[in-house]
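Novice: My questions concern the predicted model and sequence given below.
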Amino acid sequence: MNEAKPDAIVIGAGVSGLTTAMCLAEAGTRVAIWTSEPTEATTSMAAGAMWGPYHVEPLDMVTAWSSVTLEALQELATQTGAGVRLVPGVEAARHEVDPPSWGNQLDGFRMCDRSELPPGFSTGWRYTAPLVDMSMYLTYLRRRLVSRDAGCVMSGRSLILV
């Protein structure tokens, strides 16, 4: 292992920490991940995830960021073992609401007829969105980080890439 100090330290080994570390490492940055808990003990490991920007600001920046994320997740859905798949479904509400502004970014987005909605629901839409199995995805991220040619070593609860 190269004994050079890292260029960046990422705090936490959940989905945000591992994703940040991977992006930095793949851009050529020497990265250390410091975490009090191993990835398997993070909240991310017990979570599920579906793409969709929801009540976030600033809207103009979030729109651009979420588009990049959507493209990345759609690409990951083509990779075996990444834990991402594209799933069709219906989102419905019991009262009339406007469809989300980001809906047109998703494959197959369209408003539902009332006959397509569950009983008691008055509005809804169909689309296909990335769905993430977090335990698989976190394992994929760790594997991607560890397999980097730059080298990787576990030191206590810290994953160090140089």
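Specialist: Thanks, I have it.

Novice: Relative to the whole chain's centre, how far out is stretch 11-21?
Specialist: Its chain's average C-alpha position is 11 Å from that of stretch 11-21, according to CA atoms, centre = their mean, to the nearest Å.

Novice: Going by neighbour count, list what's buried in that stretch.
Specialist: In terms of neighbour count (16 or more other CB atoms under 10 Å), stretch 11-21 has its buried residues at 12, 13, 14, 15, 17, 18, 19, 20, 21. Backbone N, C-alpha and C define where each C-beta goes, glycine included.

Novice: for stretch 51-69, same thing?
Specialist: Buried, per 16+ other CB under 10 Å, within stretch 51-69: 51, 52, 53, 62, 66.

Novice: again with stretch 139-150
Specialist: Per 16+ other CB under 10 Å, stretch 139-150 contains these buried residues: 139, 140, 141, 142, 145.

Novice: one step back: from the buried residues of stretch 51-69, which is closest to residue 37?
Specialist: Using CB to CB, residue 51 comes nearest to residue 37 of these, at 25.8 Å.

Novice: confidence score at the closest one?
Specialist: pLDDT, residue 51: 94.

Novice: Now for it: which residues touch it?
Specialist: For residue 51, the contact set (CB atoms under 8 Å, 6 or more residues apart in numbering) comprises 66, 69, 70, 73, 129, 130.

Novice: which stretches of this protein have low pLDDT?
Specialist: Across the chain, residues meeting the criterion (pLDDT under 70) sit at 1-4, 148-162.

Novice: Helices of that one, residue ranges please.
Specialist: 15-26, 43-46, 59-76, 134-146 (DSSP state H).

Novice: ok, now how distant is residue 42 from residue 54?
Specialist: 22 Å (CB to CB, to the nearest Å).

Novice: Kindly reformat the buried residues of stretch 139-150 as JSON lines and extend each row with distance to residue 30.
Specialist: Shown next, in JSON lines, are the buried residues of stretch 139-150 (distance: CB to CB, whole Å):
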{"residue": "139", "distance to residue 30": "23"}
{"residue": "140", "distance to residue 30": "22"}
{"residue": "141", "distance to residue 30": "18"}
{"residue": "142", "distance to residue 30": "18"}
{"residue": "145", "distance to residue 30": "12"}
